[in-house]
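Visitor: task: produce atomic coordinates for the following.
(one chain, ligands or ions: 1)
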Amino acid sequence: MQNSELFRNPFAWYAEMRRNRPVFYDPKHQSWMVFRYNDVKQVFSDWQTFSSKVPLPPEQTDFTESLNFTDPPKHRTLRSLVGQVFTARRVEALAPRIAQITHELIDTVQHQGEMDFMHHLAIPLPVIVIAEILGVPVGDRSDFKHWSDGIVVNDGEAITAMADYFRHLLVERRKNPSQDLISDLIAAHEAGETLSAQELVDFCIVLLVAGNETTTNLLGNAVLCFNDYPEAFAQLKQDPQLLPLAIEEVLRYRSPVQAMARFTQVETQLSEQTIPAGQMVTVWMGAANRDEAQFDHADAFVINRDPNPHLAFGNGIHFCLGAPLARLEAKIVLSIVLERLPNLCIVTNRELEFVHSVEVHGVKSLPVLF
Ligand code: HEM
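Guide: Below is the predicted model of the structure:
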């Protein structure tokens, strides 16, 4: 199969793998591939066997100690410190600002009757929101946006520039604390807890890496689902209360993150395969979320599916820290879209280009009419 076809539609391949090769070793990627719901969940829940620590050569040390790449006890300490400041209350307090930013972004295109949904709305919104949460001064926003864009394409220079920027901002906030996340993270540190300067910088970068492109693709993928299932979209317009369930179904049906990696600490068994110690394991949440053994009509977009125990945010101790923020952003943006652009539809005469990655699922650009 052509790679571009796989980026667009990996689901037929997943179905075949769930059926015939649910766990196998892929020599090309030097990783064990895991596709079934129960196996993927098992890997997420057993961190003692399936470690998040990347085994790297000793000279490569940057950002490998951050939250998502650690195991307990280090992970427990970091997660509890950042969890104290990245709270549901802080996220909920942002709702009016997220709505305002969404309205402003739509204002700039409404009169045109068309836009690129990714470029005009889904890409800028999460970056602006995270800049506000962190407390990036307004005058630094364009640099910040530039580096964030670089981070998405894994540009090493952008990551270094962003890390330098955060180092300076941290020094500044240590001198003059403000009411932002960075100041609170420092305070947690200075109250006798253990966030080092490097851990603070790492966490800020992780928020950008983990939060921006994922939320962008959740928004774009929602439009793809609504476009493919016009009856569901009509139902949603009739009953906007369905939106939270609809968002969960988008997360299941077109998961923004399709796969994650782990590393075996000991020999183990999954779906009757023996995986030796010291091996990389790739869990395919995109495949688990379409597993018929777990979800009725798994290949259909069922807008009011409930319950919906998808694994799009992971599971267990590394469960996405930003899930409440991603859900809130999606709810606000999509409800404003339903209200202001109820006739939104994708321009049909252009082929959509999907992000060139098997781990990330979403489109690069999404021309829509409204
Ligand atoms: C739809 C949007 C999002 C999706 C699909 C998503 C997905 C995920 C997944 C699958 C994990 C688990 C990683 C693992 O098990 O190794 C994760 C962890 C994480 N996410 Fe998200 N994420 C989203 C949005 C966000 C946002 C908005 C933020 C913050 C601004 C964020 C911050 C994090 C962090 C810090 C972790 C690491 C947690 C830990 O290791 O304890 N994510 N995310």
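
Visitor: need the residues of the stretch 151-300 of the chain near the ligand, please.
Guide: Listed as neighbours of the ligand in the stretch 151-300 of the chain under the rule C-beta under 6 Å from any ligand atom: 206-207, 210-211, 214-215, 218, 256-257, 260. From N, CA and C alone the C-beta is placed, and that goes for glycine too.

Visitor: contacts only, for the residue nearest the centre of the chain.
Guide: By C-alpha atoms, centre = their mean, the chain has its centre lying nearest to Thr214, at 3.1 Å. Neighbouring residues of Thr214 by C-beta atoms under 8 Å, 6 or more residues apart in numbering: 256-257, 322, 326.

Visitor: can you add secondary structure, pLDDT and neighbour count and give these back as a markdown table?
Guide: Shown next, in a markdown table, are those (DSSP: H, G, I helix; E, B strand; the rest coil; pLDDT from 0 to 100; neighbours: other C-beta atoms under 10 Å):
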| residue | secondary structure | pLDDT | neighbour count |
| --- | --- | --- | --- |
| Pro256 | coil | 98 | 25 |
| Val257 | strand | 98 | 22 |
| Gly322 | coil | 97 | 22 |
| Ala326 | helix | 98 | 23 |
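
Visitor: now do the strands in this protein.
Guide: Under the criterion DSSP state E, strands of the chain are mapped to 23-26, 31-34, 50-51, 114-116, 259-264, 268-270, 273-275, 280-284, 345-346, 367-369.

Visitor: what are the contacting residues of the first one?
Guide: Spelled out, that is strand 23-26. Applying C-beta under 8 Å, 6+ apart, the contact partners of strand 23-26 are 17, 31-36, 39, 270-273, 275, 279, 282.

Visitor: that strand: how far from the chain's middle?
Guide: Computed by C-alpha atoms, centre = their mean, to the nearest Å, the chain-centroid distance of strand 23-26 equals 25 Å.

Visitor: now do that strand, average pLDDT.
Guide: Across strand 23-26, the average pLDDT comes to 98.

Visitor: returning to what we had before: need the strands of the chain in CSV (columns: mean neighbour count).
Guide: Listed next are those as CSV, based on neighbours: other C-beta atoms under 10 Å:
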stretch, mean neighbour count
strand 23-26, 16
strand 31-34, 22
strand 50-51, 22
strand 114-116, 17
strand 259-264, 20
strand 268-270, 17
strand 273-275, 15
strand 280-284, 23
strand 345-346, 16
strand 367-369, 18
